[in-house]
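Asker: return a 3D structure for these sequence lines:
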Amino acid sequence: RPAFHFRQPSVVPGFGLSLGVTLAYLSLIVLLPLSALAVRAAGLGLSDFLALAGDRRVVSALTLSFGASLVSAVVNAVFGLLLAWVLVRYRFPGKRLVDAAIDLPFALPTAVAGIALTSLYAPNGWVGRLFAPGGLFAPLFGEGGLRIAYSPLGVIVALTFVSLPFVVRTVQPVLEEMDGELEQAAATLGAGRLQTVFRVVLPTITPALLTGFALALARSIGEYGSVIFIAGNIPYVSEIAPLLIVIRLEEFNYAGATAVAALMLVISFAILLAINVIQTWSRRRYGLGA
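Answerer: Below you'll find the model as predicted:
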């Protein structure tokens, strides 16, 4: 019997039709637009593309977008896991309300989220004034205090807000299916709490956690609406790459917009490919299948 079957046996008919519809839909929605971008970028020529991609403003915007996205995804991987653990393993008053609030970034328009975050973290906002000069926590950060809104830190705050549900909703079902007797057995065998967490719990949820991390990262990289309000959009300081693409289009600089978009596509694909490779390795490493 061959090790690989292109067509898996199934009692439900329609494999050929469903596969054709799937490939056609994927091509129209995803592959064709990305191919058009790649063709447009290739038409610029290597020298022109490198000149546009090496522009200091482009490099600064890309660094902020991917750097802030990575930081927000890491933060959500840690605290999103903690939130999912609390929702699954504990009962407390208001649990349903907390569970529903996690999905708010899904339903809330990004512009509304950006305005709300800006009003909250601006120097005169409820939270921002605590870190502004003269605020309660300002002495911890020097004479100038800490500026959250209209800075790269504000970008991280906005991206963390919009990408949190991806981690929680990816890890939560795995925790619900995980048998609590495994932890009890580990404790019976003499394992401490940290040993149980790192040797029993984390290996089981690592693939799901990596999936949530990848989804949060992808969501953050392409975020636009909530960021432009709180970032301040200062070139070389708090200007994100999606905003720079819009600016180039408004300037009718289609070559510049194409170069930035193509760079975002290549970098995003490389990052997600690396995460998928790590995820596959972790599944095989802990015996969870390929």
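
Asker: got the phi and psi for the nearest residue to I234 once chain neighbours are set aside?
Answerer: Distances taken as Cβ to Cβ, 6 or more residues apart in numbering put Y150 closest to I234, at 7.4 Å, once the chain neighbours are dropped. Heads up, the C-betas are built off the backbone N, CA and C, glycines and all. Backbone torsions for Y150, taken as degrees, to the nearest 10, come to phi 60, psi 40.

Asker: which ones are touching Y150?
Answerer: If a contact means Cβ atoms under 8 Å, 6 or more residues apart in numbering, then Y150 has 122, 230-232, 234, 238 as its contacts.

Asker: switch the cut-off to 10 Å
Answerer: Contacts for Y150 (Cβ atoms under 10 Å, 6 or more residues apart in numbering) come out as 118, 121-123, 128, 229-234, 237-238.

Asker: hmm, which of these are the buried ones?
Answerer: 118, 121-123, 128, 229-233, 238 (16 or more other Cβ atoms under 10 Å).

Asker: quick one on the thing from earlier: and the contacts of Y150 as JSON lines, adding secondary structure and distance to V201?
Answerer: Formatted as JSON lines, the contacts of Y150 follow (DSSP: H, G, I helix; E, B strand; the rest coil; distance: Cβ to Cβ, whole Å):
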{"residue": "T118", "secondary structure": "helix", "distance to V201": "38"}
{"residue": "Y121", "secondary structure": "helix", "distance to V201": "34"}
{"residue": "A122", "secondary structure": "coil", "distance to V201": "40"}
{"residue": "P123", "secondary structure": "coil", "distance to V201": "41"}
{"residue": "G128", "secondary structure": "helix", "distance to V201": "37"}
{"residue": "F229", "secondary structure": "helix", "distance to V201": "38"}
{"residue": "I230", "secondary structure": "helix", "distance to V201": "35"}
{"residue": "A231", "secondary structure": "helix", "distance to V201": "37"}
{"residue": "G232", "secondary structure": "coil", "distance to V201": "41"}
{"residue": "N233", "secondary structure": "coil", "distance to V201": "42"}
{"residue": "I234", "secondary structure": "coil", "distance to V201": "43"}
{"residue": "V237", "secondary structure": "coil", "distance to V201": "41"}
{"residue": "S238", "secondary structure": "coil", "distance to V201": "38"}
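
Asker: quick revisit: let me have the buried ones among the contacts of Y150 in JSON lines, extended by pLDDT and distance to L159.
Answerer: Listed next are the buried ones among the contacts of Y150 as JSON lines, based on pLDDT from 0 to 100; distance: Cβ to Cβ, whole Å:
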{"residue": "T118", "pLDDT": "93", "distance to L159": "14"}
{"residue": "Y121", "pLDDT": "94", "distance to L159": "13"}
{"residue": "A122", "pLDDT": "92", "distance to L159": "18"}
{"residue": "P123", "pLDDT": "91", "distance to L159": "21"}
{"residue": "G128", "pLDDT": "92", "distance to L159": "18"}
{"residue": "F229", "pLDDT": "92", "distance to L159": "13"}
{"residue": "I230", "pLDDT": "93", "distance to L159": "10"}
{"residue": "A231", "pLDDT": "91", "distance to L159": "10"}
{"residue": "G232", "pLDDT": "88", "distance to L159": "15"}
{"residue": "N233", "pLDDT": "90", "distance to L159": "15"}
{"residue": "S238", "pLDDT": "92", "distance to L159": "12"}
